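Asker: pasting the structure only:
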């Protein structure tokens with residue numbers, strides 16, 4: 001058996017300090033533009049939707065000049081109290097490309113057909129610094145999707161919670177758009193183990209789309225409606241030989257449970273009855289990046305359609 005490789009930063013068994021975080025940060029290279037890819041797309045939608053600037057992320061240290069990222073959300077122009085309200089978030093992990101572009105495409109191509117029937121609040125890219133660097137973590141080597149809690153150490157997470165707070169409990173549903181990629185196993189899980197001074201235990205990557213429901217508020221019919229819609233676009237991840245996906249028991253085809261609020265996950269912030277986290281697999285030989293974006297759009301549409309149908313019961 002080959003020994004498990006160690007991560008190139010840190011000392012095995014010891015959690016990182018400031019020096020190791022600086023080493024990690026120095027390895028991160030800007031590869032694309034949040035302004036060009038996301039802000040320009042949002043501005044192009046301004047004529048059809050309300051654009052809200054809900055804060056800024058600002059990062060700097062001795063080796064890096066200050067970088068400022070304006071955070072923007074899109075709202076239904078025909079916002080009406082009393083209509084079902086749906087929150088769509090993408091790019092909590094910046095490297096998960098289809099979440100960002102799926103949210104933008106959903107607004108551009110689908111959102112207007114729900115005008116006057118549902119209120120939509122869409123945040124396409126929660127973590128812009130990470131988007132530019134194809135990173136899971138933010139500048140401080142913190143995972144925003146474990147940081148949605150009071151006193152959050154992640155600027156991105158704190159800003160989104162401030163945006164959502166006035167509407168907390170008024171949302172019918174919240175869908176958070178994510179990806180699982182091969183780099184989860186080759187880079188990010190080894191990095192987490194190194195950062196936290198733990199031993200990396202190799203896992204596996206599920207081939208296909210799956211959903212994460214809330215352990216404390218399971219909604220099986222809601223999850224099934226999304227799975228059915230997405231299965232028309234791309235394949236659903238099968239369970240492994242242990243009937244698990246990423247080490248978690250499968251409760252229905254393509255569905256697992258996480259304790260959203262306990263783990264500080266984005267999908268736990270809204271107080272909605274219906275919540276879910278999508279996971280597509282862009283590295284699958286059976287899917288293309290375009291299919292992954294369309295799967296995110298299909299999932300978001302299924303959420304709104306389910307909520308509208310539920311409101312009529």
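Answerer: Yep, that arrived. Given the structure is predicted, the values throughout are model-derived calculations rather than measurements. Residues are numbered from 1 along each chain as shown.
Asker: shouldn't residue 266 be in contact with residue 277?
Answerer: Yes. The criterion here is Cβ atoms under 8 Å, and residue 266 meets it with residue 277 at 7.5 Å. Every residue, glycine included, has its C-beta placed from N, CA and C.
Asker: okay, these two: which has more neighbours?
Answerer: Between residue 266 and residue 277, counted using other Cβ atoms under 10 Å, the more crowded position is residue 266 (30 against 25).
Asker: ok, the more buried one - contacts?
Answerer: 89, 92, 126, 144-145, 148, 157, 160, 176, 277 (Cβ atoms under 8 Å, 6 or more residues apart in numbering).
Asker: Repeat that for residue 152.
Answerer: Counted by Cβ under 8 Å, 6+ apart, residue 152 has contacts 158, 161, 264.
Asker: of those residues, buried ones?
Answerer: 158, 161, 264 (16 or more other Cβ atoms under 10 Å).
Asker: Looking at the residues you listed, spot the one nearest residue 227.
Answerer: residue 264 (25.4 Å; Cβ to Cβ).
Asker: Can you flag which of the contacts of residue 266 belong to strands?
Answerer: 89, 176, 277 (DSSP state E).
Asker: which residues of the stretch 1-150 of the chain fall in helices?
Answerer: Along the stretch 1-150 of the chain, the segments classed as helices by DSSP state H, counting those that start in this stretch run 18-26, 34, 40-44, 97-109, 128-133.
Asker: shaky segments in the chain?
Answerer: 1-5, 313 (pLDDT under 70).
Asker: where do the strands sit along it?
Answerer: 50-61, 64-75, 85-90, 119-123, 171-179, 210-214, 244-245, 248-249, 255-258, 274-280.
Asker: now the fifth one against strand 274-280, angle please.
Answerer: Using axes from the mean of the first three to the mean of the last three Cα atoms, to 10 degrees, one finds that strand 171-179 and strand 274-280 are set 10 degrees apart in direction.
Asker: Strand 171-179 pairs with which strands, parallel or anti?
Answerer: The pairing partners recorded for strand 171-179 under DSSP bridges are strand 85-90 (parallel), strand 274-280 (parallel).
Asker: Could you check the angle the shortest one makes with helix 97-109?
Answerer: Spelled out, that is strand 85-90. Using the same axes, to 10 degrees, strand 85-90 lies at 140 degrees relative to helix 97-109.
Asker: which one is residue 124 nearest to, not counting chain neighbours?
Answerer: residue 103 (4.0 Å; Cβ to Cβ, 6 or more residues apart in numbering).
Asker: so what's the one you found up against?
Answerer: 88-91, 122-125, 177, 296, 300.
Asker: And the residues you listed, which is closest to residue 285?
Answerer: The nearest one, if we look at those relative to residue 285 and count by Cβ to Cβ, is residue 296, at 19.6 Å.
Asker: wait, that closest one sits on residue 107?
Answerer: No. Counting by Cβ under 8 Å, residue 296 stays clear of residue 107, with 11.7 Å between them.
Asker: Regarding the chain, what is its longest helix?
Answerer: helix 289-312 (DSSP state H).
Asker: Are any of the contacts of residue 266 buried, and if so which?
Answerer: Here, 16+ other Cβ under 10 Å leaves 89, 92, 126, 144-145, 148, 157, 160, 176, 277 buried among these.
Asker: Take the buried ones among the contacts of residue 152 and keep only those in helices.
Answerer: 158, 161.
Asker: I'd like to know which of the buried ones among the contacts of residue 152 is nearest to residue 184.
Answerer: residue 264 (18.4 Å).
Asker: Residue 29 is nearest to which of the strands of the chain?
Answerer: Here strand 64-75 is closest among those (Cβ to Cβ), at 12.1 Å.
Asker: What residues sit buried inside that closest one?
Answerer: 69, 71-74.
Asker: Same check on stretch 277-292?
Answerer: 277-284, 287, 291-292.
Asker: Endpoints of it, how far apart?
Answerer: 14 Å (Cα to Cα, to the nearest Å).
Asker: what's the answer for stretch 19-38, then?
Answerer: 32 Å.
Asker: returning to what we had before: neighbour-wise, which of residue 296 and residue 107 wins?
Answerer: Using other Cβ under 10 Å as the criterion, residue 296 and residue 107 rank with residue 296 on top: 31 against 24.
Asker: How about the contacts made by the more buried one?
Answerer: Counting by Cβ under 8 Å, 6+ apart, the residues that residue 296 touches are 90, 98-99, 101-103, 105-106, 177, 278, 280.
Asker: Closest one to residue 35 out of the contacts of residue 152, please.
Answerer: residue 158 (21.9 Å).
Asker: That closest one - nearest residue in space that isn't next to it in sequence?
Answerer: residue 152 (4.4 Å).
Asker: quick one, phi psi at the one you found?
Answerer: Torsion angles at residue 152 (phi, psi; degrees, to the nearest 10) stand at phi -50, psi 140.
Asker: With that, I have no additional questions.
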